[in-house]
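K.L.:
heads up, no residue letters with this:
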């Protein structure tokens, strides 16, 4: 099977489709916390600015 048959050209409007950048996860956001304090602490430590590191 040729590459053209595997990957047909699509001429629809690409702006009507959602990309991964259109989601919060695409921008690096994590799913909302469910009140898990351990997960909140892990997120705080992961996102701590460099000038706050001891």
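P.N.:
All right, it came through fine. Keep in mind that this is a model prediction, so the values were computed, not measured. Numbers count the residues shown, from 1 in each chain.
K.L.:
Going along the chain, name the helices of this protein.
P.N.:
Listed in chain order, the helices found in the chain under DSSP state H are 3-6, 37-46.
K.L.:
centre of the chain versus the longest one, how much separation?
P.N.:
When C-alpha coordinates are averaged (CA atoms, centre = their mean, to the nearest Å), helix 37-46 and its chain have centres 18 Å apart.
K.L.:
how about it: buried residues?
P.N.:
Buried residues in helix 37-46, defined by neighbour count with 16 or more other CB atoms under 10 Å: none. For glycine as for every other residue, the C-beta is placed from the backbone atoms N, C-alpha and C.
K.L.:
can you tell me the average pLDDT over it?
P.N.:
Taken as a whole, helix 37-46 has a mean pLDDT of 84.
K.L.:
before we move on, what about the shortest one?
P.N.:
The pLDDT scores in helix 3-6 average 70.
K.L.:
all strands for this structure, in order.
P.N.:
Defined through DSSP state E, the strands belonging to the chain form an empty list.
K.L.:
just to revisit the earlier point, got CSV for the helices of the chain, with distance to residue 23 too?
P.N.:
Putting the helices of the chain into CSV (distance: least, CB to CB, whole Å) gives the following:
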stretch, distance to residue 23
helix 3-6, 27
helix 37-46, 18
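K.L.:
looking at those helices, which is closest to residue 18?
P.N.:
Each of the helices of the chain was checked against residue 18 via CB to CB, and the shortest separation belongs to helix 3-6, namely 23.7 Å.
K.L.:
just to revisit the earlier point, who wins for proximity to residue 16 among the helices of the chain?
P.N.:
Checked against CB to CB, the stretch from the helices of the chain lying closest is helix 3-6, at 23.5 Å.
K.L.:
follow-up on the earlier one: what's the closest of the helices of the chain to residue 13?
P.N.:
Minimum separation from residue 13 across these (CB to CB) falls at helix 3-6, 22.0 Å.
K.L.:
Can you name the residues that contact residue 31?
P.N.:
With contacts defined as CB atoms under 8 Å, 6 or more residues apart in numbering, the neighbours of residue 31 are residue 25.
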